[in-house]
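Participant: Got a sequence here, can you build the structure:
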Amino acid sequence: MSDSIPIQIVYEDAGEGWIMASIPTVSGVISQGRTRAEARSNVLDALRLMLAPEPGSADAVPLEADFDSLELTLSG
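Facilitator: The predicted structure is shown next:
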């Protein structure tokens, strides 16, 4: 079975030739670029970082927890 999650990227003029990109449904996922393509790539990198915290961080799964793993594939 294949599941997908629709996610919208919002682009805004950040001034001085920059484009800001954000993913409003995931708080804190904001980046920018000189072009829309660069802003898109950068905000997807920010999303990857947000969803894959560093091992040992406060977001890590406790050893005694029961959990499922999944892999999201982001194009871009």
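
Participant: Which strand residues bridge Ile30?
Facilitator: Counting by DSSP bridges, Ile30 is bridged to Ser22.

Participant: Is it in contact with Ser22, as I believe?
Facilitator: Yes. Contact criterion CB atoms under 8 Å: Ile30 and Ser22 qualify, at 4.4 Å. Glycine gets a C-beta too; all of them are placed from N, C-alpha and C.

Participant: any shared contact partners between the two?
Facilitator: Val43 (CB atoms under 8 Å, 6 or more residues apart in numbering).

Participant: These two: which has the busier surroundings?
Facilitator: More crowded of Ile30 and Ser22, by other CB atoms under 10 Å: Ser22, with 20 against 17.

Participant: That one and Asp13, how far apart?
Facilitator: 13 Å (CB to CB, to the nearest Å).

Participant: And the residue nearest the centre of this protein?
Facilitator: The residue lying closest to the centre of the chain (CA atoms, centre = their mean) is Leu47, at 1.2 Å.

Participant: Let me see the contact set for it.
Facilitator: If you count contacts by CB under 8 Å, 6+ apart, Leu47 has them with Ile7, Ile23, Val26, Val29, Leu74.

Participant: how about a cut-off of 10 Å?
Facilitator: Ile7, Ile9, Ile23, Val26, Gly28, Val29, Ser31, Leu72, Leu74, Gly76 (CB atoms under 10 Å, 6 or more residues apart in numbering).

Participant: Can you say which of those residues are buried?
Facilitator: Ile9, Ile23, Val29, Ser31 (16 or more other CB atoms under 10 Å).

Participant: which of those lies closest to Gly17?
Facilitator: Distances from Gly17 to those, taken as CB to CB, are shortest for Ser31 (15.2 Å).

Participant: Understood, closing this out.
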